[in-house]
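Trainee: sharing a model that was predicted from the sequence below.
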Amino acid sequence: MTLRPWIGALLLGCAGAAWAQTTARQPADDQTATLAQDDHGAYLSIGFGDGRMHGQNDTGTRWMQHRTFEVRAGRREPELLGGGRIDFIHYNEGHPDNNHRDGFAVQWLAVRPLGRNVSGEFGAGPYLSMNTTIADGRQQDDSHLGLLLSATLRFPLDSGWANLPDGTHLRVGVNQVMMHDAHNSTAVLVGIGRQFGETRAEPDTEPATGPWWVGGSIGRSITNLSNTDSANAGVLEARKYLDERMDHWAVSGKAIYEGNDGTRVDRRGLAGQLWYVQQVTPRLSMSAGLGPYVAWNKYDADRTRANVLISFQAERALSRRTRAFVNFNRVKTFRQTNDRDLFQLGILKRF
């Protein structure tokens, strides 16, 4: 089984929450409200489409069967490579025969006006892919590092007949995946994006003002191989948001119970992650986390193994001491087996 169809829904919901917050009317004298729209705030987008794989292992249906999607979250970095935007991306390459590949990318993008009502983006960056496939008669989670190239046209939707919130635009683009030792792919995607204006967290809910945040989350886990069951999962977490000297960064430690899928994985362990945190509205932030995860699997004679934990999270300040979050986590073993996805809802409390 796979959790991948839920990933787009999760991240689309996160983006929708950001849209809803900024479209609500704000008092003119609210000093914590979003500033005038510019290109210095968060960037969010989602796109869907279709494409084709080509190259190695491309037998059967090569088309992605209209299941291609991407989700982007990023911001402009004025002091990096001429002021480009940095995006964190989850990309799903659809379902050609015997290939269910998705993964995570980091791209640097140049954004330039091409006319009065159109602008262009070009992006490039490393792409860590995970492909559920059958090779030599055996199911495996095949992992490769490649390059994701993107070229996109953007058409504004924040004026005229559409009259959507400032910074909203239609996206029409092409993604090209290049892999040295696996198949390549090309896809066309259509979606919607928004460039948010620069914003600050509300002073009363600024997470960096507290020492540590402690909490937990519950959800479901699914092993990315067939003939396995979904399972209940739980996580205990301690998190520290760093101060102004390390703005946009956080660190966390986690105790994770992934649950029992009935045949392959009954895993638990400890993880540490470094997070990049981007404020979207005064109370909503998006973040991406990466770090080592040491775990024990009962179906593997409780052997201790090192893995990697990759996370995307949307977080909402409920009060001065309470934050709610929803996240998607990928456990990557790099052993061609037993990769897992966790979808969690949780609460953090400041201490």
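Mentor: All right, it came through fine.

Trainee: in the sheet, who's paired with residue 70?
Mentor: residue 47, residue 91 (DSSP bridges).

Trainee: keeping just the C-alphas, turn the helix or strand residue 222 falls within into CSV.
Mentor: Assigned by DSSP states H and E, residue 222 falls within strand 213-223. Provided in CSV are the C-alpha atoms of strand 213-223 (Å, rounded to 0.1, in the frame of the first residue of the first chain):
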residue,chain,number,x,y,z
TRP,A,213,8.3,23.1,23.0
VAL,A,214,7.3,19.6,23.9
GLY,A,215,4.4,17.6,22.5
GLY,A,216,3.2,14.6,20.6
SER,A,217,1.3,13.5,17.5
ILE,A,218,-0.8,10.6,16.3
GLY,A,219,-1.6,9.3,12.9
ARG,A,220,-1.2,6.5,10.4
SER,A,221,1.8,4.8,8.8
ILE,A,222,1.9,2.8,5.5
THR,A,223,4.8,0.7,4.2
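
Trainee: can you give me the domain assignment for the protein?
Mentor: Domain assignment for the chain by automatic domain parsing gives 35-195, 203-350.

Trainee: turn these into JSON lines, columns for mean neighbour count and mean pLDDT.
Mentor: (Glycine included, C-beta is placed from N, CA and C.) Shown next, in JSON lines, are the domains of the chain (neighbours: other C-beta atoms under 10 Å; pLDDT from 0 to 100):
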{"stretch": "domain 35-195", "mean neighbour count": "18", "mean pLDDT": "89"}
{"stretch": "domain 203-350", "mean neighbour count": "18", "mean pLDDT": "94"}
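
Trainee: what comes into contact with stretch 287-299?
Mentor: Applying C-beta atoms under 8 Å, 6 or more residues apart in numbering, the external contacts of stretch 287-299 come out as 73, 88, 250, 252, 256, 258, 260, 263-278, 302-313, 315, 331, 338.

Trainee: centre of the chain to stretch 246-264, how far?
Mentor: 15 Å (C-alpha atoms, centre = their mean, to the nearest Å).

Trainee: likewise for stretch 167-175?
Mentor: Averaged C-alpha coordinates place stretch 167-175 at 18 Å from its chain's average position (C-alpha atoms, centre = their mean).

Trainee: again, but for stretch 133-143
Mentor: That offset, for stretch 133-143, works out to 25 Å (C-alpha atoms, centre = their mean).

Trainee: helices of the protein, start to end?
Mentor: Under the criterion DSSP state H, helices of the chain are mapped to 4-23.

Trainee: tell me the centre residue of it?
Mentor: residue 312 (4.3 Å; C-alpha atoms, centre = their mean).

Trainee: looking at it, that one is touching residue 328, isn't it?
Mentor: Yes: if you go by C-beta atoms under 8 Å, residue 312 and residue 328 touch, sitting 5.1 Å apart.

Trainee: for stretch 330-347, measure first residue to last.
Mentor: In stretch 330-347, first residue to last residue: 20 Å (C-alpha to C-alpha, to the nearest Å).

Trainee: do stretch 133-143 as well
Mentor: Stretch 133-143: ends 10 Å apart by C-alpha to C-alpha.

Trainee: what does that stretch rub up against?
Mentor: Taking C-beta under 8 Å, 6+ apart as the rule, stretch 133-143 contacts 57, 98-101, 128-132, 182, 224-226, 332-334, 336-339.

Trainee: likewise for stretch 102-114?
Mentor: 4, 7, 39, 74, 80-82, 84-93, 119-130, 148, 150, 153-154, 310, 330.

Trainee: so of those, which ones are in strands?
Mentor: Assigned to strands by DSSP state E, the following of the contacts of stretch 102-114 qualify: 74, 85-93, 119-130, 148, 150, 153-154, 310, 330.

Trainee: how about the contacts made by the residue nearest to residue 124 when sequence neighbours are not counted?
Mentor: Using C-beta to C-beta, 6 or more residues apart in numbering and skipping residues adjacent in sequence, the residue nearest residue 124 is residue 149, 5.2 Å away. Residue 149 makes contact with 123-124, 175-178, according to C-beta under 8 Å, 6+ apart.

Trainee: what's across from residue 149 in the sheet?
Mentor: residue 124, residue 176.

Trainee: any idea how far residue 175 is from it?
Mentor: 7 Å (C-beta to C-beta, to the nearest Å).

Trainee: go on, residue 207?
Mentor: Residue 207 is 34 Å from residue 175, by C-beta to C-beta.

Trainee: swap in residue 348?
Mentor: 34 Å.

Trainee: got it, and residue 349?
Mentor: 40 Å.

Trainee: likewise for residue 198?
Mentor: 28 Å.
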